[in-house]
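S.K.: Starting from these lines, generate the structure:
(one chain, ligands or ions: 2)
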Amino acid sequence: MPDTEARRVWAIVPAAGIGSRMGSERPKQYLELAGRTILEHTLERLLSHGSIHAVLPVIRPDDPFWPEARTRLAMFPNLLPEAPGGDERQESVANGVEALNLGTTEDLVLIHDAVRPCIGDEEIHSVVAAADECGGAILAVPVADTLKRVAADGCIEDTVDRSGLWRAQTPQVFRHGELEHALEVARTHPEPATDEASILERAGYPVRVVPGRDDNLKVTRPEDLALAELFLGAR
Ligand SMILES: Nc1ccn([C@@H]2O[C@H](COP(=O)(O)OP(=O)(O)OP(=O)(O)O)[C@@H](O)[C@H]2O)c(=O)n1
Ligand SMILES: C[C@](O)(CO)[C@H](O)COP(=O)(O)O
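M.R.: Numbers count the residues shown, from 1 in each chain. Ligands and ions are numbered 1, 2, ... in the order given. Just a heads-up that it's a prediction; the model follows:
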């Protein structure tokens, strides 16, 4: 068990997506909810959390919206200079880890989607504590619906046994050295990963799930906006 007093937790926020499924006039992380952009809500929750030492956003190069958002977060001394996003999420996260330049510390790296603004303080505490204990941990929610595999024509091919299936969320938290090694291994993998846990899994590192909440939703499609605004107001 590492000395949790000595190790630090560094957050990386991948925010370099284009939001194609949202179909909005600007990338969805810059859509406003309750008077602020989704990205600002998310960054402020991490920047003001007692367990997190500093936060590094990963931003698309030449993103025209980021300078204004960064100005509005200028009161946070632990907001680090942004790293450049990549064409895939995995590349964006790898750029963030490289920009942290942590060397060979036992610190933890917490990765959280820019478009999950409703994350709660307690959930962050829980997933960090789990990563301290076993090296890697993610928030996840057990599947509650019946799952169908569906063909391209919309017809159901089969029903998937949902026992033991969980929906991964973020934050995802890992020991820096293990994450760095797993990302290196992942460079040679033909398919980009959709989350960091799968990169650690492929590299053989244990990752534990911590029960999360459905209101830690990822704002993906237009219908998610009203729900996210409701949840933001309720927390
Ligand atoms: N090349 C990419 C792709 C995604 N992301 C980030 O990863 C998070 C989750 O991705 P997703 O919800 O898929 O966002 P988008 O890729 O923007 O959405 P879409 O797939 O609909 O285009 C978001 O905060 C997004 O900004 C990123 O930093 N770099
Ligand atoms: C990381 C993630 O939020 C876990 O569910 C998800 O994999 C992100 O996927 P996306 O396609 O980048 O939204």
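S.K.: from here on, contacts and neighbour counts on C-alpha atoms
M.R.: OK.
S.K.: What ranges does the protein have for its strands?
M.R.: Assigned by DSSP state E, the strands in the chain fall at 9-15, 32-33, 36-37, 54-59, 83-84, 108-111, 136-142, 147-150, 156-160, 166-175, 208-211.
S.K.: closest one to Asp121 among the ones you listed?
M.R.: strand 166-175 (11.3 Å; C-alpha to C-alpha).
S.K.: does the closest one come close to ligand 2?
M.R.: Yes. Looking at strand 166-175 against ligand 2 by C-alpha under 6 Å from any ligand atom, the contacts come from 168-170.
S.K.: Including distance to Gly233 and mean neighbour count, could the strands of the chain go into TSV?
M.R.: Below are those laid out as TSV (distance: least, C-alpha to C-alpha, whole Å; neighbours: other C-alpha atoms under 10 Å):
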stretch	distance to Gly233	mean neighbour count
strand 9-15	22	27
strand 32-33	10	17
strand 36-37	12	15
strand 54-59	24	25
strand 83-84	30	24
strand 108-111	24	26
strand 136-142	22	24
strand 147-150	31	12
strand 156-160	36	11
strand 166-175	20	24
strand 208-211	22	20
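S.K.: got the contact list for the nearest residue to Pro171 once chain neighbours are set aside?
M.R.: Spatial nearest neighbour of Pro171, chain neighbours left out: His112 (4.4 Å); criterion: C-alpha to C-alpha, 6 or more residues apart in numbering. Contacts for His112 (C-alpha atoms under 8 Å, 6 or more residues apart in numbering) come out as 11-14, 170-172.
S.K.: Please repeat the previous calculation with a cut-off of 7 Å.
M.R.: 12-14, 170-172 (C-alpha atoms under 7 Å, 6 or more residues apart in numbering).
S.K.: Show me which of those is closest to ligand 1.
M.R.: Pro14 (3.5 Å; C-alpha to the nearest ligand atom).
S.K.: Run through the bridge partners of the closest one.
M.R.: Beta-bridge pairing for Pro14 (DSSP bridges): Val58.
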